[in-house]
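Pasting the sequence and the predicted model now:
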Amino acid sequence: MSFNYGKTTPTSYTEIAAINKSIARFGRAVKLGAYLVDMSILRFVSGYLSQLKVWHQKVLALFNGQLDMV
């Protein structure tokens, strides 16, 4: 933005690292067969999806934080 508008945007490395982690997690989660929940009754077993739920909360917090800055 500094080239076009003459002002810089505040960016921290932690935001970029969080975005990169989110993209990597998404890539692992959408691989076919990465989680047995794609093909079985395991989606109904409590605790099986806990890792995915934690990732979802982290990504949701990241994007809500980005929206709050706007």
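Received, thanks.

CA only for contacts and neighbour counts going forward, please
Will do.

Next secondary structure after the worst-scoring helix or strand of the chain on mean pLDDT?
Every helix and strand of the chain was ranked by mean pLDDT, DSSP states H and E. The lowest is helix 2-5, at a mean of 68. Remark: after helix 2-5, the chain's next helix or strand is helix 13-30, criterion DSSP states H and E.

list the buried ones in the helix or strand following that next one?
The C-terminal neighbour of helix 13-30 among helices and strands, as given by DSSP H and E, is helix 50-69. Residues of helix 50-69 classed as buried: 55, 59, 62 (neighbour count, 16 or more other Cα atoms under 10 Å).

okay, those residues in CSV with distance to residue 32 and pLDDT next?
Below are these laid out as CSV (distance: Cα to Cα, whole Å; pLDDT from 0 to 100):
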residue, distance to residue 32, pLDDT
55, 18, 82
59, 21, 86
62, 26, 86
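
ok, those residues vs residue 22, which is closest?
Minimum distance to residue 22 across the buried residues of helix 50-69 is 6.3 Å, recorded for residue 59 (Cα to Cα).

which ones are touching the closest one?
By Cα atoms under 8 Å, 6 or more residues apart in numbering, the contact set of residue 59 is residue 22.

ok, it to residue 28 distance?
Distance, residue 59 to residue 28, by Cα to Cα, to the nearest Å: 14 Å.

And for residue 14?
Distance from residue 14 to residue 28, by Cα to Cα: 21 Å.
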